[in-house]
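*Asks:* Need coordinates for the below:
(2 chains)
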Amino acid sequence: MKDKFKIGKYEFKSRFILGSGKFNLELIKSAIENANAEIITMALRRINTETDNILNFIPKNIKILPNTSGARNADEALRIALIARELSGADMIKIEVIKDSKYLLPDNYETTKAVEKLANKGFVPMPYMYPDLTAARDMQNAGAACIMPLGAPIGTNKGLITKDFIQILIEEIDLPIIVDAGIGKPSEAACAMEMGAEAVMANTAIATSGNIQTMAKAFKLAIEAGRLAYLAKLGKTNDFAQASSPLTGFLR
Amino acid sequence: MQNKYFSDMEIIESDIEDKILNITNNTDFSKFKEDDVIYALKKDTCTIDDFCALISPVAKKFIEQIAAKAKSERERFFGKNVYFFTPLYISNYCENHCVYCGFNCKNNIKRAKLSFNEIENELIAIKKTGLEEILILTGESRKMSDINYIAKAIGLAKKYFKNIGLEIYPINTNEYNYLHKSGADYITVFQETYNKETYKANHLKGHKSIYSYRINAQERALKGNMRGVGFGALLGLGDYMKDTLSTALHIYFLQKKYPKGEFAVSVPRLRPTVTNLNITPIDVGELELLQIMCAYRIFLPYVNMTISTRERAEFRDNAVKIAATKISAGVSTGIGEHAHKKEGDNQFEIADPRSVKEIYTALKNIGMQPVMNEYVWV
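*Replies:* Purely as a prediction, here's the structure:
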């Protein structure tokens, strides 16, 4: 079965996007392999170094997805994206605009402006956002290639605490919805996929687990299972029990 | 009680000082019981009251549990990353009379101020060690190291380094903005002690004697567009629990007011100086120091935390695993020692003289990830 997913002009088989910020560099390669990931995100500011550059630890066949972490407004996001494209040639850019150093919650307003600026410069913008339908629509209209709502504040491993709002985005937005940030367990990644998310991104859940390779694999399997369940269409849930010998079965 | 502002000092509208002192002055650390510590450790979010419980004397016996909680917070925010930097002292001239400091203008020490040529040689020598972040320091003398001198030093540092921080005398908003535009994005100002009387007794004259101008330095820097600001009390100078609380509150309230700013905290203990070898931190042993660091990490999980070369190597290596995120390496606190022979005396004695390479290897061996730069100038 060919079940690929598209972001802009790019096609991928793996629906697991790996974050990179919290890994020990030597462990990244095996995490990628066990996750069977094709895309790995990284902050441009993280690759702005001469010693132990994370890029040297990524297998060549893996797509690098630079993010604009460190940007506090749309203009800074654009400047970072331009540097990233110059350095790595990447046109897929994950937009992160954050004005809060404590919770690291994205600024939807500035992010929307950044989507427009990047789209106008020929990028494939992938905005990280707080799951708000109006903002997601604006980002879609501004030229976003996908929408990346957070499941919970980044790094918290709290799972899909914004589940109902992500479901609304899945129903209403005609772009891939990629759940980004907050996912703490494979079961939560499976849940997001069952709901109809196109892909899931994770980092902290794996990087802070007891065994990085095994957890990467657990996430891969969960994402695949969730995707299959979505494609198979889940059985309906009912509010009432359905007795096999109904009370009202005598009615003619 | 406080001396008046000097005429060249900018006054800003700020309620931060009052907010800090209101809480600190009304906190009695002896009132906390074991149950308060256990309660603080169980919770997901740490309140000001929980923080007080964690630094109180009764919490000492829970240091293992406190460390475990701090470590998980550290990994949640920073993973295994440890950020490297080194300080570069470009001048040790000082106009202040700080009773405890080696650079005190009354002290008979060798003074020096590097020429731009000498600064560049120092920068080149440091660059060779693989470092990409530098902290430029001066003694607190506007006369001997004026803003233009510092701006030019920043300009030189930009040629070799990706991330430039400053530890200089407090200045006005427009001056912070000028230095930000010159290429520096982080400033640290140590309040030393937040207790006004202790502050006055230790800072006899000079610009530094003006408590309120100093305490508002970080806010002026944020208004002047600096990306990040650093804080610290000199532990052992006053009541260390109160100073720790005040430092935490200083960050807490400024973060609320300037949420996009980045925040950092340092935990220096008093060290012997060239002119006073008898200074030792009495109240703050290694246990208390680690307790303070862990409590900061739990209450303010998002802050960068620097561990000074004032501490010994084994303590530093363990501290970055549990709570700290930044480590200085290849440190000299004298003037001009990186490239030449020493021209000016040191500010304090260091306890961890290891090179960048040695610390890099030591941290790798305990599973941490040294990071030379994670910053981009926008």
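
*Asks:* Can you get me a residue count around the closest residue to residue B:176 other than its chain neighbours?
*Replies:* Spatial nearest neighbour of residue B:176, chain neighbours left out: residue B:224 (3.1 Å); criterion: CB to CB, 6 or more residues apart in numbering or on different chains. C-beta here means a position set from N, CA and C on the backbone, and glycine is covered the same way. Applying other CB atoms under 10 Å in any protein chain shown, we find 19 other residues in the vicinity of residue B:224.

*Asks:* so residue B:224 makes contact with residue B:166?
*Replies:* No. Residue B:224 is not in contact with residue B:166 according to CB atoms under 8 Å; the separation is 11.7 Å.

*Asks:* so how far is the strand or helix carrying residue B:247 off the chain centroid?
*Replies:* For residue B:247, the host element (DSSP states H and E) is helix B:240-257. In terms of CA atoms, centre = their mean, to the nearest Å, the centre of helix B:240-257 is found 13 Å from the chain centre.

*Asks:* before we move on, back to that, hey, what's in contact with both of residue B:224 and residue B:166?
*Replies:* residue B:179 (CB atoms under 8 Å, 6 or more residues apart in numbering or on different chains).

*Asks:* ok, residue A:152 to residue A:43 distance?
*Replies:* 20 Å (CB to CB, to the nearest Å).

*Asks:* Residue B:33 too?
*Replies:* Using CB to CB, residue B:33 is found at 44 Å from residue A:43.

*Asks:* Between these two, which is the more surrounded one?
*Replies:* residue A:43 (24 against 12).

*Asks:* For burial, what's the neighbour tally of the closest residue to residue B:139 other than its chain neighbours?
*Replies:* Leaving aside its sequence neighbours, residue B:139 sits nearest to residue B:94 (CB to CB, 6+ apart; 3.7 Å). By the criterion of other CB under 10 Å, residue B:94 has 26 neighbours.

*Asks:* wait, doesn't residue B:94 sit right on residue B:104?
*Replies:* Yes. With contact defined as CB under 8 Å, residue B:94 counts as touching residue B:104 (6.7 Å).

*Asks:* got the contact list for residue B:356?
*Replies:* B:84, B:86, B:129, B:130, B:131, B:329, B:330.

*Asks:* can you name the two of these that are farthest apart?
*Replies:* B:86 and B:130 (10.5 Å; CB to CB).

*Asks:* any idea whether the residue nearest to residue B:139 is helix, strand or coil?
*Replies:* Put simply, residue B:94 is coil when judged by DSSP: H, G, I helix; E, B strand; the rest coil.

*Asks:* State the distance from it to chain A.
*Replies:* 32 Å (CB to the nearest CB, to the nearest Å).

*Asks:* And residue B:187, by the same measure?
*Replies:* In terms of CB to the nearest CB, residue B:187 sits 16 Å off from chain A.

*Asks:* Show me which residues of chain A sit near chain B.
*Replies:* Chain A comes close to chain B at residues A:21-25, A:43-46, A:48-52, A:70-72, A:76, A:79-80, A:83, A:98-102, A:104, A:155-157, A:204, A:207-208, as judged by CB under 8 Å from any CB of the partner chain.

*Asks:* Show me what from the stretch 101-250 of chain B comes close to chain A.
*Replies:* So the stretch 101-250 of chain B meets chain A at B:130, B:132, B:162 (CB under 8 Å from any CB).

*Asks:* which residues in chain A form strands?
*Replies:* In chain A, strands defined by DSSP state E lie at A:5-7, A:10-12, A:16-18, A:39-43, A:63-67, A:92-95, A:124-129, A:148-149, A:178-180, A:199-202, listed in chain order.
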